[in-house]
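>>> Next comes the sequence, and after it the predicted model I'd like to discuss.
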Amino acid sequence: MIFYASALSSYSAKVRIVLSVKGVAFEEISPPGGYRSADYRAIVPMGTLPAIRVGDWVLSESEAINEFLEERYPVPAMMPADLQSRARVRFLCRFHDLYLEPRVRALFAQVKSAQRDPSEVAALRTALLQRIDQLASWVQPQPWLLTTQISLADCGPLVNLWLAGALMRACGQPILLPPVLQNWLDMANRDAAVARALDPWRAATREWIAAR
Ligand SMILES: N[C@@H](CCC(=O)N[C@@H](CS)C(=O)NCC(=O)O)C(=O)O
């Protein structure tokens, strides 16, 4: 399996967690010509990272990839067994991609101090904290967000709650996570498969922030 990804891509990091937990063998390569490029779009029509390729078969969109990986490599399971719990995992994945992640991504434009608008950062911070508080009110980690073993619902928040903290600090308006989420994040970061997947991405992200 070819995994198109980059060191800094947060959506690639989300998929890398599943690859790591399931111990899938893959070859990671950078998108030829960079993401969005014509060369890369000739392979992956969306032009986005991440994507996977198996022979001539190509799939992009992190959530579609994670669901494919779950079905193709069912052990260890990253979806609970019962119908309603599975639906909740999918809800949290959607919530992450559609409502939480865009609020984190918006902060990238504010990291460089010369281009920063502190009132915009404050507005983004309020909007982000609103989504984080929603997430905190819905979960009772056991110890993973919705399950006893890591599930697909943990992957996006593991990437973006850490990233939210790092970017808000860099923008001069740090946030504190609600204890329920901070405890979950601390527990998850002690997990070997999560650390293997996220440590290189966190290092690359820290370096990117420092360079600004
Ligand atoms: N919904 C997509 C978002 C992927 C995405 O935005 N990836 C970024 C890198 S982290 C990217 O490829 N950006 C280039 C673009 O949007 O054209 C997914 O879940 O895979």
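Sure thing, it's come through.
>>> Going by C-alpha atoms from here, please, whenever you check contacts or count neighbours.
OK.
>>> Other residues contacting stretch 160-173?
Stretch 160-173 is contacted from outside by 10, 100-101, 104, 107-108, 110-113, 116, 121-122, 125, 174-176, 185, 206, 209, using C-alpha atoms under 8 Å, 6 or more residues apart in numbering.
>>> Tell me the gap between that stretch and the middle of its chain.
In terms of C-alpha atoms, centre = their mean, to the nearest Å, the centre of stretch 160-173 is found 14 Å from the chain centre.
>>> One more: stretch 17-34?
How far stretch 17-34 lies from its chain's middle: 14 Å, per C-alpha atoms, centre = their mean.
>>> likewise stretch 16-28?
Taking C-alpha atoms, centre = their mean, one finds the center of stretch 16-28 at 14 Å from the center of the full chain.
>>> can you list the domains in this protein?
Residue ranges for each domain of the chain read 2-72, 83-210, as given by automatic domain parsing.
>>> Out of these, the one nearest the ligand is which?
domain 2-72 (3.2 Å; C-alpha to the nearest ligand atom).
>>> Determine if any part of the closest one is in contact with the ligand.
Yes - on the criterion C-alpha under 6 Å from any ligand atom, domain 2-72 is in touch with the ligand at 9, 10, 11, 35, 36, 47, 48, 49, 50, 61, 62, 63.
>>> Filter those down to just the buried residues.
The neighbour-count test (16 or more other C-alpha atoms under 10 Å) marks 10, 11, 35, 36, 47, 48, 49, 50, 61, 62, 63 as buried among these.
>>> hang on, the earlier thing: just send the domains of the chain back as JSON lines, with mean pLDDT too.
Output for the domains of the chain, formatted as JSON lines (pLDDT from 0 to 100):
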{"stretch": "domain 2-72", "mean pLDDT": "98"}
{"stretch": "domain 83-210", "mean pLDDT": "97"}
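>>> Any quick PyMOL command for the buried ones out of the contacts of stretch 160-173?
Selection of the buried residues among the contacts of stretch 160-173 in PyMOL, burial being defined by 16+ other C-alpha under 10 Å:
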select buried, resi 10+100+101+104+107+108+110+111+116+121+125+175+185+206+209
